[in-house]
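> Provided below are the primary sequence and the corresponding predicted coordinates.
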Amino acid sequence: MVIGWGEFFALASAFCWAFAIILFRRSGDALPPFELNLFKNLLGFALIIPTLAVFEGLQIPEYSLTEAGIAIVSGFLGIAVADTWYLRALSLMGASRTGIVASLLSPFVILLSVLFLGESLHGWQLAGFALVMSGILLVTWRQNRREVDAAHLGKGVFYGVGAVFLMAVGVVMVKEILETRPFIWTTALRLAGGLSGMLIYMVVRGRVGVVMQRFRQPLPWKFIVPASFLGAYVSMMMWLAGYKLIPASEASILNETANAWIVLLAWLMLGESIGYRKVAGILLTSIGVVIMLLA
């Protein structure tokens, strides 16, 4: 494969996201997943405004009502819900297992691209999907009760799979808009949709006071701030740039390198085990995504 800007952005976003996930994990359980995601998105939105001013200007471009609605709903699903669920999975079953479960992103994107973007799915891609699933099952299958509680593991897999499915839905929804409308403005609309959804949820559920109180307590900001910067700004911008410049199925497969980085960094920085099951799971998922890329 010739590495162009699209491939570069997809691969670079994967590393940045993996490093952000490790930093979020280092912050421990100081903030619940919802509050952690809320801060991440607030910081990302605060940073994208000056980015707009510098690169595209603050005059709102001409989006149709349908395009604006799709971008906002895409952000709600892919940022407000999916990222909260992803952080919940991270809290329940650790970084390395969450990273492997996230390998479902590219199969989900490929399947949705077949249905909604007219891309084709061949037999070898189905074989790759089966290998990815096998790798996930190998890593998440309960081997030692003392390592991860069975109930936590089950919930973690549920939230992890749900998160990556909604991420796939969100990015496939907005793919054509990314290609035809100003990139940073579309990114800002997605982020605004995610942030607005979270704020509305807080008001409707009467959680504003509780959330504010949690932010007033002493927190490990030295991990939360850089993780949020990488996750909600740097990685997201490069992630969407990859989807803008190359086919969605190809970008999603290159994004899978994040999962190998997560497992490796979790071993190096968090002391999580990297036994033969995780190594075998990484190999199976890696072979699976390579088969889908070459098919």
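Structure's in. What do you need?

> residues of stretch 177-190 that come out buried?
Residues of stretch 177-190 classed as buried: 177, 178, 181, 182, 183, 184, 185, 186, 187, 188, 189, 190 (neighbour count, 16 or more other Cβ atoms under 10 Å). (C-beta placed from N, C-alpha, C; glycine too.)

> Residue 255 - how many residues pack around it?
Using other Cβ atoms under 10 Å, residue 255 is surrounded by 27 other residues.

> quick one: residue 71 and residue 83, what's the gap?
16 Å (Cβ to Cβ, to the nearest Å).

> ok so, going back, in CSV, list the buried residues of stretch 177-190 along with secondary structure, pLDDT and distance to residue 210.
Formatted as CSV, the buried residues of stretch 177-190 follow (DSSP: H, G, I helix; E, B strand; the rest coil; pLDDT from 0 to 100; distance: Cβ to Cβ, whole Å):
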residue, secondary structure, pLDDT, distance to residue 210
177, helix, 95, 35
178, helix, 92, 36
181, coil, 93, 37
182, coil, 92, 37
183, helix, 92, 36
184, helix, 93, 33
185, helix, 95, 33
186, helix, 95, 33
187, helix, 94, 30
188, helix, 95, 28
189, helix, 95, 29
190, helix, 95, 27
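
> so where's the stretch 51-200 of the chain uncertain?
Screening the stretch 51-200 of the chain residue by residue with the criterion pLDDT under 70, one finds the ranges 119-122, 125, 136-137, 139-150.

> which residues of it fall in helices?
Across the stretch 51-200 of the chain, reading from the start of the chain, the helices by DSSP state H, counting those that start in this stretch fall at 65-75, 82-93, 95-101, 105-116, 123-140, 150-180, 183-204.

> Deepest-packed of those, please.
Across those, the average number of neighbours (mean count of other Cβ atoms under 10 Å) peaks for helix 95-101, which reaches a mean of 27.

> if we can go back for a sec, wait, which of the helices of the stretch 51-200 of the chain is closest to residue 32?
With Cβ to Cβ, the closest approach to residue 32 among the helices of the stretch 51-200 of the chain belongs to helix 82-93: 8.1 Å.

> Residues in contact with that closest one: which ones?
Residues lying outside helix 82-93 but in contact with it, judged by Cβ atoms under 8 Å, 6 or more residues apart in numbering, are 21, 24-25, 29, 33-34, 36-37, 40-41, 98, 101-102, 140, 148, 152-153, 155-157, 159-160, 162-164, 166-167, 170, 194, 198, 231.

> do that again at 7 Å, thanks
By Cβ atoms under 7 Å, 6 or more residues apart in numbering, the list of residues contacting helix 82-93 from outside reads 21, 24-25, 29, 33-34, 36-37, 98, 101, 148, 152-153, 155-156, 159-160, 162-163, 166-167, 170.

> do stretch 266-286 as well
Applying Cβ under 7 Å, 6+ apart, the external contacts of stretch 266-286 come out as 22, 25, 94-96, 100, 103, 131-132, 134-136, 138-139, 143, 256, 259-260, 263.

> One more: stretch 30-44?
Stretch 30-44 is contacted from outside by 24, 79, 83-84, 87-88, 91, 191, 194-195, 198, 211, 214-215, 219-220, 224, 228-229, 231-233, 236, using Cβ under 7 Å, 6+ apart.

> and that stretch, how far from the chain's centre?
Centroid separation for stretch 30-44 versus its chain: 14 Å, with Cα atoms, centre = their mean, to the nearest Å.

> Let me see the mean pLDDT of that stretch.
The predicted model gives stretch 30-44 an average pLDDT of 92.

> Convert the C-alpha atoms of that stretch to CSV, please.
Extracted in CSV, the C-alpha atoms of stretch 30-44 (Å, rounded to 0.1, in the frame of the first residue of the first chain):
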residue,chain,number,x,y,z
ALA,A,30,-11.5,9.7,39.8
LEU,A,31,-14.3,10.7,37.3
PRO,A,32,-17.1,8.4,36.1
PRO,A,33,-17.2,7.7,32.3
PHE,A,34,-19.9,10.3,31.7
GLU,A,35,-18.1,13.1,33.4
LEU,A,36,-14.8,12.1,31.9
ASN,A,37,-16.3,12.2,28.4
LEU,A,38,-18.0,15.5,29.1
PHE,A,39,-14.7,17.2,30.1
LYS,A,40,-13.0,15.7,27.0
ASN,A,41,-15.7,17.1,24.7
LEU,A,42,-15.7,20.5,26.4
LEU,A,43,-12.0,20.8,25.9
GLY,A,44,-12.2,19.6,22.3
